[in-house]
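Asker: Just need the structure, nothing else, for what follows:
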Amino acid sequence: MRQTFEEATDRSFASRHLPRLRAQLEAQGLDGFVIPHEDEHQNEYLPAANDRLAWLTGFTGSAGAAVVLKDRAAVFVDGRYTLQVRDQVDEAHFEILDLVEGGPPAFIEGAAKGAVIGYDPKLHSPQALDHLKRAAAKAGATLKPVDANPLDAAWGDERPAQPTAPVVPHSEQYAGESSESKRRRVGESLKPLDAEAAVLTAPASIAWLFNVRGGDVIRTPLPIGQAILDSDGHARLFLDPAKVTDELPGWLGNEVALQPTEALPAALDALKGKKVLLDPAQSSAWYFDRLAAAGATVVRGMDPCTLPRAAKNATEVEGTRQAHIRDGAALSRFLHWVATEAQETLPDEAEVVRVLESFRDQAPGLQDLSFDTIAGAGPNGALPHYRPVTRTIRRVEKGSLLLVDGGGQYLDGTTDVTRTMAIGEPTSEQRDRFTRVLKGHIALSRIRFPAGTTGHQLDALARVPMWMAGLDYDHGTGHGVGSYLGVHEGPQRIAKAVNTQALLPGMIVSNEPGYYKGGHWGIRIENLQVVTEASDIPGGERPMLGFETLTMAPIDRRLIEVGLLDPVERAWVDDYHAKVLAKVGPLVDGEAGAWLEQACAPL
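Answerer: Prediction:
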């Protein structure tokens, strides 16, 4: 289910669809309605049938929301989508507001005095709903749950069918542990919480726990479904029967009962009198309401699959290593193209994306991209996570920089890597800023830290070289990454914002400090790295952890101001490039292979 940014931008969505929604609101006695980006499974990337925000507004980013009132409507996005939203959404119908600073709660508080605002409880987590409820109370408004989503009614027969991609086994060759073992282990973890069962609604948990993968969600091999896991390891898995292949029942075994999705409400009702674990961050309010009405006792806590999924086993880590080597070969061929042909032809961002994706398509084991490729030329590179859309596409220019961020979904691992490249001769300012970003990247890759340390406590390491020059960047430094699952995976994170989850061996995180000169160019260097035990500290007295770099692709040496690196940092760059050449070199031949040898030469 590959898609690209080249799909036509249709700014008529609002004029055609907004009146239809307002008619449905009037029919239900509502003054307004809240439309989150998330679907019934709190997915980041959505099947077409669940992309309600895109149908209403035309905005196709992976985060956002909208609020529609009788006489006003607003769409909310974060800083990643500043250009994209204005390219896709008609501002004659929607105000464009910030998702992070205020968002829908602030809009409701200021614009919905005394109104009756509807929401679909299947689309909002209890945590998100709490913010809306507080805002409505301040506005003297009523927040009303709906049984029938008015947007779905407005969408009508035009709405695509729910996806029915086959749910297929994910071999232990890649998973490293049987589903039976996982279910027993996770079931045991419920007992200290005094929970008899857990309701699982996150597709990533379904995929991991049952060792299956699907194709219901773009860029992530997720099967949409739900499950009830008992503390003894037995489970019920709820899937659309159209997704169930002949081999699936045998793969799941006798301890997993396959049931149609329609059987889920009755199964939840049957939990009456039991203590049931449910995650308020990943499950929608509907599940909490249904279990409470059934007479179950809800234990609020983290999805019990989240931590074991995040802490990869040895097989998953090795698979990710191998995926990064193959991905690095594709990326090296692309970087060779940028360093040679692109320096003369000065392609636009659309061609940059096509060329990188064409090289990735040739990588063995590639199933999909892990997200839509980001290519930012010049000023567009100064917008973190900018994505080329029709009216914003630029050509690369001499004397500027090209920032490219992309990744692949491989059967044995998920990749995500960013490289920044000079077009023409870099300026001294560009070299200075790039080297400071590199210094922060190196500091975070080399650090050793006590067991129990969180990503929040490490974040400053990547920023110090820029802080010393009065600089900084406004995004997080690292996010978790799955194993042939989501390119964004919690609960681990490296960022200024407080995160209480300790980094554990096997967790994969990105290391991506950056610098962005507004209106000119941007810089980001991103590798993925895995948390490892650090037993190589002479005289060490406490259990320590560190990082192993997984990404294998050269860093543009033309942008490195060698004089700003100390001897340890220079040694790190040379050692990293030696590893890239040793691992990726055998997969890259011809002119690209000769270029790679030069690109990986010692400083």
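
Asker: Contacts only, for the residue nearest to Leu248 when sequence neighbours are not counted.
Answerer: Nearest non-adjacent residue to Leu248, counting by Cβ to Cβ, 6 or more residues apart in numbering: Val167, 5.8 Å away. Every residue, glycine included, has its C-beta placed from N, CA and C. For Val167, the contacting residues are 212-214, 223, 225, 239, 243-245, 248, by Cβ atoms under 8 Å, 6 or more residues apart in numbering.

Asker: shouldn't Gly407 be in contact with Ile374?
Answerer: No: counting by Cβ atoms under 8 Å, Gly407 stays clear of Ile374, with 10.0 Å between them.

Asker: Of those two, give the one with the bigger neighbour count.
Answerer: Gly407 (28 against 25; other Cβ atoms under 10 Å).

Asker: between the contacts of Val167, which is nearest Thr297?
Answerer: Nearest to Thr297 among those is Gly225, at 24.5 Å by Cβ to Cβ.

Asker: you'd agree the closest one is up against Arg236?
Answerer: No: Gly225 lies out of contact with Arg236 (Cβ under 8 Å); the separation is 10.5 Å.

Asker: out of those two, which sits in the busier spot?
Answerer: Just comparing Gly225 and Arg236: by other Cβ under 10 Å the higher neighbour count belongs to Gly225, 25 against 17.

Asker: Got the phi and psi for that one?
Answerer: Here is the backbone geometry of Gly225 (degrees, to the nearest 10): phi -180, psi -180.

Asker: again, but for the one 4 residues further on
Answerer: Backbone dihedrals for Leu229, given as degrees, to the nearest 10, come out at phi -110, psi 130.

Asker: Quick check: the gap between it and Trp208.
Answerer: From Leu229 across to Trp208, the span is 12 Å (Cβ to Cβ, to the nearest Å).

Asker: How about Arg431?
Answerer: For Arg431 relative to Trp208 (Cβ to Cβ), the value is 43 Å.

Asker: And the two? Which one has more around it.
Answerer: When Arg431 and Trp208 are compared for neighbours, Trp208 comes out ahead with 28 against 18, by other Cβ under 10 Å.

Asker: Make sure I have this right: Val34 is in a strand.
Answerer: Yes: using DSSP: H, G, I helix; E, B strand; the rest coil, the assignment for Val34 is a strand.

Asker: could you point out which element follows the host helix or strand of Thr315?
Answerer: Using DSSP states H and E, Thr315 maps to helix 314-339. Counting by DSSP H and E, the next helix or strand C-terminal to helix 314-339 is helix 341-345.

Asker: Any buried residues in that following helix, and which?
Answerer: By 16 or more other Cβ atoms under 10 Å, the buried positions in helix 341-345 come out as Ala342.

Asker: so how far is that helix from its chain's centroid?
Answerer: The chain centre lies 32 Å from the centre of helix 341-345; the measure is Cα atoms, centre = their mean, to the nearest Å.

Asker: Which residues does it contact?
Answerer: Under Cβ under 8 Å, 6+ apart, the answer for helix 341-345 is 352, 396, 402, 423-424.

Asker: who are the neighbours in contact with Phe238?
Answerer: 225-227, 259-261, 263-264, 267 are the contacts of Phe238 under Cβ under 8 Å, 6+ apart.

Asker: Inside strands: which ones of those residues?
Answerer: 226-227, 259-260 (DSSP state E).

Asker: and those, which are buried?
Answerer: 226-227, 259.

Asker: Can you give me the buried ones in the host helix or strand of Ile442?
Answerer: For Ile442, the element it lies in under DSSP H and E is helix 428-446. The neighbour-count check on helix 428-446 (16+ other Cβ under 10 Å) flags 430-445 as buried.

Asker: helices or strands next to the helix or strand following that helix in the packing?
Answerer: With elements assigned by DSSP H and E, the helix or strand that comes after helix 428-446 is strand 449-450. For strand 449-450, the elements it packs on are strand 544-549, judged by 3 or more Cβ pairs under 8 Å, 6 or more residues apart in numbering; DSSP states H and E.

Asker: Strand partners (parallel or antiparallel) of the strand it packs on?
Answerer: Sheet pairing for strand 544-549, assigned by DSSP bridges, gives strand 449-450 (antiparallel), strand 527-533 (antiparallel).

Asker: Name the residues that touch the longest one?
Answerer: In this structure, residues lying in contact with strand 527-533 by Cβ under 8 Å, 6+ apart are 312, 317, 320, 324, 415-417, 441, 445, 481, 503-512, 543-551.

Asker: Show me which of these are buried.
Answerer: Applying 16+ other Cβ under 10 Å to the contacts of strand 527-533 flags 312, 317, 320, 324, 415-417, 441, 445, 481, 503-512, 544-547, 549-551 as buried.

Asker: you'd agree Phe547 is up against Ile508?
Answerer: No: at 9.8 Å, Phe547 does not count as touching Ile508 under the criterion of Cβ under 8 Å.

Asker: Name the residue most distant from the centre of the chain?
Answerer: Gly539 (39.5 Å; Cα atoms, centre = their mean).

Asker: how about that residue, secondary structure?
Answerer: Per three-state DSSP, Gly539 ends up coil.

Asker: Pull up the gap between it and Val487, please.
Answerer: From Gly539 to Val487 the distance is 39 Å (Cβ to Cβ).

Asker: what do you get for Leu83?
Answerer: Per Cβ to Cβ, Leu83 is found 22 Å from Val487.
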